[in-house]
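> Okay, here's the prediction I keep looking at, along with the sequence it came from:
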Amino acid sequence: MLPFPAVSQKKRIAIVPGDGIGREVIPETVKVIAATKASVDLTPFDWSAERYLADGVTIPPDGFAMLARDFDAILVGAFGDPRVPTNIHAKEILLGMRFKMDLYANVRPVRLLDSSLCPLKGIEPRDVDFVVIRENTEGMYVDAGGFFKQHTPDEIAVQEDINSRKGVERIIRYAFDYCERHTKQDGSPRQRVLMTDKANVMTYAGGLWQRVFKEVSREYPQIAAEHMYVDALCMQMVRDPRAFDVIVTNNMFGDILTDLAAGLQGGLGMAASGNIHPGKTSMFEPVHGSAPPIAGKNIANPFGAILTAAMMLNHLGLNSEAEKIEAAALEAVRQKKTTQDLGGSLRTKEAGDWVAERISKL
Ligand code: ATP
């Protein structure tokens, strides 16, 4: 008999497939995680449009506290269903996790696995290897604003952009810390943090971001601190993505930039993301949404979700399992064992099967 109770070393992961293609790509991702034989306990949750339409529940009242208490990480598919036009369930579940669990850093790596996936000419995988760190709890997403004289010819709509000193400082510091701790795919160190804004027009919010960026960057003299206006950055991203290393920006610009950046990687079906608060239960989700037009057809690309799982396992310290997933996904892309959006002929399930089988042979 041990003098203390046995403690499970298994990482506890909540699985929330959600809506649309989330319900197709997440089962494939679970299959792939299982193939790595990672020491994890996976617990599914049915929070979704389906559930909301059935019993009016978006997420139970103690949902966020339970996730924070009982789980090491959360893997989410996507939310959004035409049958719930208000998108209330998506707001309460997804934005709820980001805001109420204070997952302030949305980390979106932008990596090209194979030249064939990039629409730009003459670009090699090593040329597209940067990360966007998006502020995840403030900005235009806080739902502050309102209508005045609604439904009259004099109607006015106000949408506030909220930027707190604390919020701006912690995301900028996160970006510098990330730069310090992470290497590029080829093993070379990350060396530059670029803050992007539209401070020439949005002078108050931009002014705060500029001041804080200058101050925090002084604490990291070994890292180059750069700045670009977001419109110029968009052009640069498609002219020469090699220019970027770590990009930090606000909630809205981060959302838009990472859809553009996903185009460099092979489309929305390839992009992974993590919603992180260091030391707290964090949430991982592919960048894509529920994609209603292609949902239920078994044609969605599962790689964004599968690569998101690799990111999550890395975050949980399961690095060799994460490496296996990344190696198998790379191999699949090279051998065109992919869905149609990447030029292959596999269906969602077959693509997931291929990756899982490849991993079990590694
Ligand atoms: P959200 O606002 O919720 O992020 P969105 O409106 O940006 O969603 P998505 O649902 O991400 O849009 O998808 C837009 C389109 O991109 C889809 O209709 C589909 O054509 C394509 N797409 C997105 N994800 C995938 C995927 N995993 N596989 C294949 N195509 C995809």
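All right, it came through fine. Numbering: from 1, shown residues only.

> could you say which helix or strand contains residue 253?
helix 251-265 (DSSP states H and E).

> Show me what counts as buried in that helix.
By 16 or more other C-beta atoms under 10 Å, the buried positions in helix 251-265 come out as 251-255, 257-258, 261-265. Using the backbone N, CA and C atoms, a C-beta is placed for each residue, glycine as well.

> Within its sheet, name the partner strands of the helix or strand following it and how each one runs.
Sequence-wise, the next helix or strand downstream of helix 251-265 (DSSP H and E) is strand 272-276. Strand 272-276 pairs in its sheet with strand 105-111 (antiparallel), strand 282-286 (antiparallel), by DSSP bridges.

> What residues does the residue of the stretch 151-300 of the chain found nearest the ligand make contact with?
The minimum distance from the stretch 151-300 of the chain to the ligand, using C-beta to the nearest ligand atom, falls at residue 289 (2.3 Å). Neighbouring residues of residue 289 by C-beta atoms under 8 Å, 6 or more residues apart in numbering: 20, 78-80, 268.

> quick check, it in a helix?
No: assessed with DSSP: H, G, I helix; E, B strand; the rest coil, residue 289 is coil; it does not lie in a helix.

> sorry, back to before: please indicate which of the contacts of residue 289 are buried?
Going by neighbour count (16+ other C-beta under 10 Å), the contacts of residue 289 have 20, 78-80, 268 buried.

> picking that back up, in helices only, show me the contacts of residue 289.
Per DSSP state H, helices hold no members of the contacts of residue 289.

> List, out of those residues, those positioned next to the ligand.
Among the contacts of residue 289, the residues within reach of the ligand (C-beta under 6 Å from any ligand atom) are 80, 268.

> to the chain's geometric centre, what's the distance from stretch 137-152?
How far stretch 137-152 lies from its chain's middle: 25 Å, per C-alpha atoms, centre = their mean, to the nearest Å.

> pull the CA atoms of it into CSV?
What follows is stretch 137-152, C-alpha atoms only, in CSV (Å, rounded to 0.1, in the frame of the first residue of the first chain):
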residue,chain,number,x,y,z
THR,A,137,-10.0,39.4,-24.7
GLU,A,138,-10.4,43.0,-25.7
GLY,A,139,-10.6,45.3,-28.7
MET,A,140,-13.7,45.3,-30.9
TYR,A,141,-14.8,41.9,-29.5
VAL,A,142,-16.0,43.1,-26.1
ASP,A,143,-19.5,43.9,-27.4
ALA,A,144,-19.5,47.5,-26.2
GLY,A,145,-21.6,49.9,-28.2
GLY,A,146,-25.1,50.4,-29.3
PHE,A,147,-27.6,52.0,-31.6
PHE,A,148,-29.1,55.4,-31.4
LYS,A,149,-32.3,56.3,-33.2
GLN,A,150,-32.4,52.7,-34.5
HIS,A,151,-34.6,52.1,-37.6
THR,A,152,-34.8,55.8,-38.4
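
> any residue of that stretch up close to the ligand?
No: counting by C-beta under 6 Å from any ligand atom, the ligand has no neighbours in stretch 137-152; the shortest distance is 12.1 Å.

> that older thread, which two among the buried ones among the contacts of residue 289 are spaced furthest apart?
79 and 268 (14.9 Å; C-beta to C-beta).

> For residue 226, give the beta-bridge partners.
residue 194.

> Count residues in the vicinity of the closest residue to residue 252 other than its chain neighbours, would you?
Distances taken as C-beta to C-beta, 6 or more residues apart in numbering place residue 140 nearest to residue 252, at 4.7 Å, with adjacent residues excluded. Residue 140 has 17 neighbours, counted by other C-beta atoms under 10 Å.

> contacting residues around residue 126?
Per C-beta under 8 Å, 6+ apart, neighbours of residue 126: 184-186.

> if you set the cut-off to 7 Å instead, what comes out?
Each residue near residue 126 by C-beta atoms under 7 Å, 6 or more residues apart in numbering is listed here: 185-186.

> what's the answer for residue 129, then?
111, 184-185.

> do that again at 8 Å, thanks
By C-beta under 8 Å, 6+ apart, the neighbours of residue 129 are 110-112, 184-186.

> Could you identify the buried members of these?
By 16+ other C-beta under 10 Å, those give 110-112 as buried.

> Columns pLDDT and distance to residue 304 on top of those, output as JSON lines?
JSON lines is the format used below for the buried ones among the contacts of residue 129 (pLDDT from 0 to 100; distance: C-beta to C-beta, whole Å):
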{"residue": "110", "pLDDT": "98", "distance to residue 304": "12"}
{"residue": "111", "pLDDT": "96", "distance to residue 304": "12"}
{"residue": "112", "pLDDT": "97", "distance to residue 304": "14"}
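
> can you tell me the helix or strand for residue 344?
Assigned by DSSP H and E, residue 344 falls outside every helix and strand.

> How many residues are close by it?
18.

> Isn't residue 100 up against residue 64?
Yes: if you go by C-beta atoms under 8 Å, residue 100 and residue 64 touch, sitting 4.6 Å apart.

> Put together a markdown table for the contacts of residue 129, with distance to residue 159 on each row.
Output for the contacts of residue 129, formatted as a markdown table (distance: C-beta to C-beta, whole Å):
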| residue | distance to residue 159 |
| --- | --- |
| 110 | 28 |
| 111 | 33 |
| 112 | 35 |
| 184 | 37 |
| 185 | 38 |
| 186 | 42 |
